[in-house]
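Colleague: starting from these lines, generate the structure:
(one chain, ligands or ions: 2)
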Amino acid sequence: MTKFAIIVAGGNGTRMGSKTPKQFMLVGGKPILMHTIEKFIAYDFSLQILLVLPANEMKAWYALCDKHGFYPAIVTVAGGNTRFQSVKNGLKKISAKEGLVAVHDGVRPFVSPSIIAQSFEVAAQKGTAITAVSLKDSIRFIDANDANHSVDRAAYRLVQTPQTFRLDWMRPAFDTPEQPFFTDCASVLEHAGHPITLIEGGYENIKITTPEDLLWAEAFAAQPT
Ligand SMILES: Nc1ccn([C@@H]2O[C@H](COP(=O)(O)OP(=O)(O)OP(=O)(O)O)[C@@H](O)[C@H]2O)c(=O)n1
Ligand SMILES: C[C@](O)(CO)[C@H](O)COP(=O)(O)O
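Modeller: Ligands and ions are numbered 1, 2, ... in the order given. This is a model prediction of the structure:
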């Protein structure tokens, strides 16, 4: 089955608060997004990769590629106003009717090729494969009266990416009005009625979101591969 990866990097990084889009910031001397793309190429050199970028940052990305001598065989796509719209724009560039599509946050540069492999293998069997990890901290539920209650953390998972799907399930699932609870692709496929299969993620597979995440990122980038 043909395998595709949509790497979404079309966001503005509001929570990072930096002038440079966070996906272009340097970690270990290299833009975050290049680390991410390299992990997918390391998994499978023949993977068809679609890179979603902010429409107004395309030139900046090509300039970065020149600066770092980074010329992967990938297709770039302009993003939308939300992550959901950016995934949709990536999907529109796939003309195949069948295949498997892994969607991954461009700002999760420490995903391992083995997680990517597992994600494709499970999606091929089950139709969906969502990367997730157990919670290390305790959690509390805030109710409508602003009171809080302890809950069983064993009943919850923290969801990561990649999130991989059968293309023939994913395309119609995304052909729907966007909902406020669509925080990831799994919520979109679930809304369309598909079963969601979880696979084991990694604690190093962090999403670089706020400035302190960059400190962790530098530490992970310094690790031997
Ligand atoms: N319109 C959007 C919004 C987000 N993303 C991507 O989705 C991933 C996860 O989103 P997030 O961490 O929230 O990134 P930003 O939207 O850039 O950050 P913020 O929410 O702080 O603005 C990122 O790789 C981001 O670039 C995207 O492709 N298109
Ligand atoms: C897709 C995701 O990374 C899974 O944890 C997450 O939902 C993205 O959320 P964000 O608010 O767009 O960063």
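
Colleague: any buried residues in the lengthiest strand in the chain, and which?
Modeller: Determined from DSSP state E, the single longest strand within the chain is strand 158-166. Buried residues in strand 158-166, counted by 16 or more other C-beta atoms under 10 Å: 159-166. (Glycine included, C-beta is placed from N, CA and C.)

Colleague: so it, near ligand 2 or not?
Modeller: Yes: using C-beta under 6 Å from any ligand atom, strand 158-166 reaches ligand 2 at 159-161.

Colleague: need the residues that contact that strand.
Modeller: 5, 98-105, 108, 111, 115-116, 119-120, 122-123, 127-135, 173, 184-186, 189, 194, 201-202, 205, 207 (C-beta atoms under 8 Å, 6 or more residues apart in numbering).

Colleague: and the residues you listed, which of them are buried?
Modeller: For those, buried by 16+ other C-beta under 10 Å: 5, 99-105, 108, 111, 115-116, 119-120, 122-123, 127-132, 173, 184-186, 189, 194, 201, 205.

Colleague: so which of those residues reach ligand 1?
Modeller: With C-beta under 6 Å from any ligand atom as the criterion, the buried ones among the contacts of strand 158-166 include Asp105 near ligand 1.

Colleague: among the contacts of strand 158-166, name the ones in strands.
Modeller: 5, 100-105, 128-133.

Colleague: ok now the helix or strand harbouring Gln125, how far from the chain's centre?
Modeller: Following DSSP states H and E, one finds Gln125 within helix 113-126. Put simply, helix 113-126 sits 14 Å off its chain's centre (C-alpha atoms, centre = their mean, to the nearest Å).

Colleague: now it against strand 128-133, angle please.
Modeller: Interaxial angle, helix 113-126 versus strand 128-133 (axes from the mean of the first three to the mean of the last three C-alpha atoms, to 10 degrees): 140 degrees.

Colleague: helix 113-126 - what's its average pLDDT?
Modeller: Here helix 113-126 scores 98 as its mean pLDDT.

Colleague: cool, stretch 58-71 as well?
Modeller: 98.

Colleague: quick revisit: columns distance to ligand 2 on top of the ones in strands among the contacts of strand 158-166, output as a markdown table?
Modeller: Conversion of these to a markdown table gives the following (distance: C-beta to the nearest ligand atom, whole Å):
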| residue | distance to ligand 2 |
| --- | --- |
| Ala5 | 14 |
| Leu100 | 18 |
| Val101 | 14 |
| Ala102 | 12 |
| Val103 | 8 |
| His104 | 9 |
| Asp105 | 5 |
| Thr128 | 14 |
| Ala129 | 14 |
| Ile130 | 9 |
| Thr131 | 9 |
| Ala132 | 9 |
| Val133 | 10 |
